[in-house]
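*Asks:* Provide a 3D model corresponding to the input given below.
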Amino acid sequence: MLRAGLDGTEADAEKVAVDAVTDLESVTDPAAPATLLAGEDVEAEIRGAAVTGAVSAVSAVPAVRTALVERQRALIEKAVAAHGGIVVEGRDIGSVVVPDAPLKVYLTASEEIRAARREAQDRKAGRAADHRTVLADVRRRDRLDSTRKTSPLHAAPDALVLDTDHLSVDDVLTELMRLVEDRGMVT
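*Replies:* The predicted structure follows:
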């Protein structure tokens, strides 16, 4: 939407979502950039203020949700076929995209902690970070995502909820690996 210079109407959002090119080949190549748009690495761009400010409104459009869910499912299918499994993160992955996933973990943390983590990510990436602004963005996005009509943000009923407030990244990974091992999902 931003690159196309569109104002964010539902019709514009639907057109962009339907027309956007998603590179599914990158999912089978561990050396490929994680986030591609029309073949271009946009990982840094999607973390910027412009995208953060627009993402919830655009992603709330039902046609956008439908197009994204279809693409996410195709990507997951391709990764499972190529590698036997995949780890996927997102706000509606376990509740909408893959409701039959063998393990769903809903990671949570307080708004303050998530804002501090986003600030640290921004600073590390060389982006300006103001705590009050980042915290307001976190709160705004949570409110918009949890109240949208299509695919609202919530933990799937069978998801394991993991509060990460007092956990480091390594601690979270250790706990996730323990859950995977407990389910016999690692060979």
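*Asks:* ok, the residue sitting nearest the centre point of the chain to Ile76 distance?
*Replies:* For the chain, the residue sitting closest to the mean C-alpha position, by C-alpha atoms, centre = their mean, is Gly90 at 3.3 Å. From Gly90 across to Ile76, the span is 11 Å (C-beta to C-beta, to the nearest Å). Every residue, glycine included, has its C-beta placed from N, CA and C.
*Asks:* so what sits against both of these two?
*Replies:* Jointly contacting Gly90 and Ile76 under the rule C-beta atoms under 8 Å, 6 or more residues apart in numbering are Val97.
*Asks:* OK, contacts around the residue nearest to the centre of the chain?
*Replies:* Neighbours of Gly90 in contact, by C-beta under 8 Å, 6+ apart: 72, 97.
*Asks:* mind pulling up the pLDDT for it?
*Replies:* Residue-level confidence at Gly90 comes out at 86, pLDDT.
*Asks:* element containing it, please.
*Replies:* Counting by DSSP states H and E, no helix or strand carries Gly90.
*Asks:* please report phi then psi for it.
*Replies:* phi 170, psi 170 (degrees, to the nearest 10).
*Asks:* repeat for Asp41
*Replies:* phi -70, psi 120.
*Asks:* what bridges to it?
*Replies:* Leu36 (DSSP bridges).
*Asks:* tally of neighbours for it?
*Replies:* The local packing of Asp41 (other C-beta atoms under 10 Å) involves 13 other residues.
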